[in-house]
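1. from the sequence below, what's the structure:
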Amino acid sequence: PDMAAVVVFTSGSEGRPKGVALSHRNLLANIHQAKSFVEINEDDVLFNPMPAFHAFGLNVGLVLPLVTGMRSYSHVNPLHVKAVPELIYDVKATVVVGTDAFAAAWGRNAHPYDFHDVRFMLVGAEKLKASTAELYVRKLNLRLFEGYGVTEASPILALGSRMRYRDGSVGRFLPDLEWRLDPAPGLAAGGRLAVRGPNVMLGYLLADRPGEIQPPPDGWHVTGDVVEVDDGGFVWLRGRLKRFAKISGEMVSLAAVEEVAGTLWPGRTLAVLARPDLVRGERLTLVVAGSDRPDLGQLRQAVRAAGLADLCAPKSLIMIKSLPMTPLGKVNLPALEAMTAGLEPEPGAGGVADDEPDDELGGEPLSELGGEPPAELEGPSVESRAGGDCSAAGAGSNGQQAG
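-> Below you'll find the predicted structure:
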């Protein structure tokens, strides 16, 4: 049971992909952990359009039905956004898995009756947007449940369910899982999550030592995600530690700014990048795909309305034709950084000049945003979950959820 059963590679959305060796025990333990939270049995019918090269699609989409004894239907491509809702109806699926981007596209193309038999739909691999959750409740009368995990944990770490639900949270940690929050300098709340348990990987397979599994120290895997855990045990994902910028001594969540911008300009693919700044340490730049120039003055007002500090508002932008994406619909950040490295940011239409001081700091400001996805994945954003200071905002598009 402790031999490697599979090697799954991380998405590479933030760096070079790593080979993750998962044992038979890792995979089966995670399935039984998840089943203790969610009422599923052999009478259910699972519809899985997620690829098997992803830990979410592999363990939840393929292995779970085999262990449970339920019928399962796997579809070749989640981008078939018109066909997927019809197939969910045709096979009378009761359980569906997917990501936020794909779920939003399916929901927009679905007939209200297509999800009639679905009683549990799990969204993972990226943050569930408020607009997607609202779409399913309003149009399909279906509540979406969110999971959070990493490939190294086979993949689920926390899960929401009917008995464990809090809006905006990713649920509670699974049983038999140890966790700790390591302090992260500059963060006002939360910490860097580390986990240990039966579902945590055997180790990495890396290019520097081919064929050798490098186990996590003392069994602890440091996820790199910044989370908070409230008094009720609910987990709140705040973003990737790599996706924080330090501006004038303050930690700023790039994901929080992206969430506000996505609400302000629904349907646009975008990203916020941090670049070196001689005065403040780092500055934000908005990268946007398409030809319509966003008004950064509007973004600054939206940032204030969301309860974030002025220094969170980008004040320059880069316009590109399209943003590079991973196969799961996430922005490929290393590729985006390389693509924009030689481009000079410019002020946005009606935006704020780079020399206008921020209210709190009386210094010079900063900014950037980004990109455009396939048209079939575009959709409206209704509200922002970002709130409070920049370091305590909602999870980002590149913080993994359940895989």
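2. any idea how far the most centrally placed residue in the chain lies from M163?
-> The chain has E126 as the residue nearest its centroid, 2.4 Å off, counting by C-alpha atoms, centre = their mean. Counting by C-beta to C-beta, to the nearest Å, the gap from E126 to M163 is 24 Å. C-beta here means a position set from N, CA and C on the backbone, and glycine is covered the same way.
3. got it, and A188?
-> Plainly put, A188 is 31 Å away from M163 if you go by C-beta to C-beta.
4. against which helices or strands is whichever strand or helix holds A194 packed?
-> Assessed by DSSP states H and E, A194 sits inside strand 191-196. Secondary-structure packing of strand 191-196 (3 or more C-beta pairs under 8 Å, 6 or more residues apart in numbering; DSSP states H and E): strand 178-182, strand 221-229.
5. neighbouring contacts of it?
-> 153, 157, 177-184, 216, 218-227, 241 (C-beta atoms under 8 Å, 6 or more residues apart in numbering).
6. cool, stretch 112-119 as well?
-> With C-beta under 8 Å, 6+ apart, stretch 112-119 has contacts from 45, 85-86, 88-89, 92-96, 121, 136, 139-142.
7. for it, output the C-alpha coordinates as CSV.
-> Extracted C-alpha coordinates of stretch 112-119, given in CSV (Å, rounded to 0.1, in the frame of the first residue of the first chain):
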residue,chain,number,x,y,z
PRO,A,112,-32.8,25.0,-16.1
TYR,A,113,-33.8,21.3,-16.1
ASP,A,114,-30.4,19.9,-17.1
PHE,A,115,-29.2,19.7,-13.5
HIS,A,116,-32.5,18.4,-12.2
ASP,A,117,-31.0,15.1,-10.8
VAL,A,118,-27.8,16.6,-9.4
ARG,A,119,-27.8,16.7,-5.6
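8. 3 is where my numbering starts, stick with that
-> I'll keep to 3 as the first residue from here, and by that count the last item is stretch 114-121.
9. what's the mean pLDDT across that stretch?
-> Average pLDDT, stretch 114-121: 96.
10. one more: stretch 223-231?
-> For stretch 223-231, mean pLDDT is 91.
11. check which residues of it are buried.
-> Neighbour counts over stretch 223-231 (16 or more other C-beta atoms under 10 Å) mark H223, T225, G226, D227, V228, V229, E230, V231 as buried.
12. leaving out the residues flanking it, which one is nearest to the second one?
-> Read it as T225. L195 (4.7 Å; C-beta to C-beta, 6 or more residues apart in numbering).
13. how many residues are close by the one you found?
-> If you count neighbours by other C-beta atoms under 10 Å, L195 ends up with 27.
14. how about A7?
-> Neighbours around A7, by other C-beta under 10 Å: 17.
15. pull the distance from stretch 127-144 to the chain's centre.
-> Relative to its parent chain, stretch 127-144 has a centroid offset of 14 Å by C-alpha atoms, centre = their mean, to the nearest Å.
16. so what sits opposite the residue nearest to T225 in the bridge?
-> When bridges are called by DSSP bridges, L195 pairs up with L183.
17. quick one: it and E88, what's the gap?
-> Taking C-beta to C-beta, one finds L195 at 39 Å from E88.
18. doesn't the residue nearest to the centre of the chain fall inside a helix?
-> No. Assigned with DSSP: H, G, I helix; E, B strand; the rest coil, E128 falls outside any helix and is coil.
19. all strands of the stretch 203-352 of the chain, in order?
-> 205-207, 215-216, 223-231, 237-242, 246-249, 252-255, 272-279, 283-291, 319-322 (DSSP state E, counting those that start in this stretch).
20. just put those strands in CSV and tack on distance to A340.
-> Output for these, formatted as CSV (distance: least, C-beta to C-beta, whole Å):
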stretch, distance to A340
strand 205-207, 24
strand 215-216, 27
strand 223-231, 21
strand 237-242, 19
strand 246-249, 18
strand 252-255, 23
strand 272-279, 11
strand 283-291, 12
strand 319-322, 12
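21. circling back: what is the orientation angle of the strand holding A196 with strand 180-184?
-> 150 degrees (axes from the mean of the first three to the mean of the last three C-alpha atoms, to 10 degrees).
22. distance from strand 193-198 to the middle of the chain?
-> The chain centre lies 17 Å from the centre of strand 193-198; the measure is C-alpha atoms, centre = their mean.
23. quick check: angle from it to strand 223-231?
-> On the basis of the same axes, to 10 degrees, strand 193-198 is oriented at 130 degrees to strand 223-231.
24. contacts only, for H223.
-> V152, E154, A155, A196, V197, R198, V202, M203.
25. number of residues surrounding Y91?
-> Other residues near Y91 number 18, with proximity taken as other C-beta under 10 Å.
26. tell me how far it lies from A112.
-> Relative to A112, Y91 is positioned 9 Å away (C-beta to C-beta).
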